[in-house]
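>>> give me coordinates for this.
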Amino acid sequence: MQPSATGIAAMSCPYCDGTGWRQVSEDGVVRVERCECWRKGVAKTLLGSARIPPRYRSCDLSSFVTYENPQLQRAISRARRFIDAFPVVEKGLLFIGPPGIGKTHIAVSVLRQVVLEKNAQGLYYDTRSLLSTIRSTYNPVIRTSEVDVLRPVMEAELLILDDLGAERLTDWVEETMNLIVNTRYNDRRPTIFTSNYEDIPDPEALESLLVRVGFRMHSRLREMCEFLEYTGPDYRDFEFPPSSDDLYRKWQSQPKRKLPARASVRARARLKTGKPDLGWSGGRAGG
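A predicted model of the protein is given here:
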């Protein structure tokens with residue numbers, strides 16, 4: 001449900017005189033339609049409620065500095081295609097790569113454009129922040145319930161979950177994340193994720209996406225998202241904003257990304273039967 005536009009178009013507009021509606025004449029037939037000032041007002045309201053961090057509020061794909069990196073260019077291309085097709089999209093997106101290569105910038109750019117161009121309800125959450133917020137609802141002093149936190153996450157037309165896998169995988173984390181992801185999947189609501197962890201199908205690689213999120217969620221992610229993995233230089237390593245040439249030279253000179261050394265103990269990403277969790281009416285966490 002979109003927020004009310006009451007008062008949004010109250011300022012003087014030469015086309016609608018502040019009503020939010022304007023008359024359009026076509027082939028001798030006069031009809032009324034929403035004025036562009038109203039649409040912009042709604043988009044501004046939606047953007048303000050999307051929880052985008054201040055650092056990323058000006059992100060857009062046109063300001064993102066790219067270079068001759070085929071994997072990066074493919075990720076940008078898929079992001080643009082997602083914006084154009086929304087809301088009729090078959091899958092979400094999962095941007096994978098080391099820190100500092102612009103994954104969050106791209107993801108938030110998609111969110112902003114979808115909100116501004118399509119008047120969609122979007123929501124951004126850092127995964128750890130979301131889980132921390134849900135945990136806080138267990139404190140009897142806090143008046144917010146877990147349903148109050150989960151409902152907008154479940155129902156957002158587009159959700160960004162940043163830094164997937166950063167939280168240590170416990171039973172509670174696994175069940176909570178599976179509940180969110182499965183509910184959105186079943187309701188056909190697209191989600192965009194970012195993660196620093198490589199997609200390696202090896203249960204012994206402790207720092208792989210598979211182990212960090214668990215078998216169940218990894219399987220669901222494969223169904224609901226297009227995996228877009230790329231490497232590149234850390235934009236934050238540059239003292240000044242880098243040019244395309246700066247980025248390309250740095251990328252060419254850096255060694256191929258490697259996972260941290262494997263631990264001696266086999267990592268066992270568990271595959272469990274879904275169990276009712278969190279008192280949420282959405283059903284089981286597995287599936």
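
>>> alpha carbons only for contacts and neighbour counts from here, please
Fine.

>>> the nearest residue to Glu157 once chain neighbours are set aside: what's it in contact with?
In this structure, Glu157 finds its nearest non-sequential neighbour in Gln121, 5.3 Å apart by C-alpha to C-alpha, 6 or more residues apart in numbering. By C-alpha atoms under 8 Å, 6 or more residues apart in numbering, Gln121 lies in contact with 2, 46, 50, 115, 156-158.

>>> same list (those) but as TSV, adding neighbour count.
Converted to TSV, those look like this (neighbours: other C-alpha atoms under 10 Å):
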residue	neighbour count
Gln2	11
Leu46	21
Ala50	20
Val115	24
Ala156	20
Glu157	21
Leu158	25
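
>>> for these, give me a markdown table that also has secondary structure.
Output for these, formatted as a markdown table (DSSP: H, G, I helix; E, B strand; the rest coil):
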| residue | secondary structure |
| --- | --- |
| Gln2 | coil |
| Leu46 | helix |
| Ala50 | coil |
| Val115 | helix |
| Ala156 | coil |
| Glu157 | coil |
| Leu158 | strand |
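
>>> for the residues you listed, which one is nearest Tyr235?
Ala50 (25.1 Å; C-alpha to C-alpha).

>>> my guess is the closest one contacts Leu123. True?
Yes - the criterion here is C-alpha atoms under 8 Å, and Ala50 meets it with Leu123 at 4.3 Å.

>>> tell me the helices and strands packed up against the helix or strand harbouring Met177.
Using DSSP states H and E, the element containing Met177 is helix 171-186. Contact analysis of helix 171-186 by 3 or more C-alpha pairs under 8 Å, 6 or more residues apart in numbering; DSSP states H and E lists helix 146-155, helix 215-224 as its packing neighbours.

>>> dump those into a markdown table; add distance to Phe64 and mean pLDDT as well.
Output for those, formatted as a markdown table (distance: least, C-alpha to C-alpha, whole Å; pLDDT from 0 to 100):
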| stretch | distance to Phe64 | mean pLDDT |
| --- | --- | --- |
| helix 146-155 | 27 | 93 |
| helix 215-224 | 26 | 95 |
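
>>> and the gap between Val42 and Leu61?
Using C-alpha to C-alpha, to the nearest Å, Val42 is found at 22 Å from Leu61.

>>> these two: who's more crowded?
Shown here are Val42 and Leu61; by other C-alpha atoms under 10 Å, Val42 has more neighbours (23 against 19).

>>> quick check: next helix or strand after the strand or helix carrying the more buried one?
Assigned by DSSP H and E, Val42 belongs to helix 36-48. Later in the chain than helix 36-48, the nearest helix or strand by DSSP H and E is helix 70-85.

>>> so which bits of that following helix are buried?
72, 75-76, 79-80, 82-84 (16 or more other C-alpha atoms under 10 Å).

>>> and if you look at stretch 147-162?
Buried residues in stretch 147-162, defined by neighbour count with 16+ other C-alpha under 10 Å: 147, 150, 153-162.

>>> pick the one among these closest to Pro98.
Asp162 (13.0 Å).

>>> can you verify my assumption that the closest one contacts Leu123?
No - under the criterion of C-alpha under 8 Å, Asp162 is not in contact with Leu123, lying 11.0 Å apart.

>>> how near is the closest residue in space to Gly92 that isn't next to it in sequence to Pro152?
Here the nearest residue to Gly92 in space, its sequence neighbours aside, is Cys225; by C-alpha to C-alpha, 6+ apart that works out to 4.4 Å. Plainly put, Cys225 is 20 Å away from Pro152 if you go by C-alpha to C-alpha.
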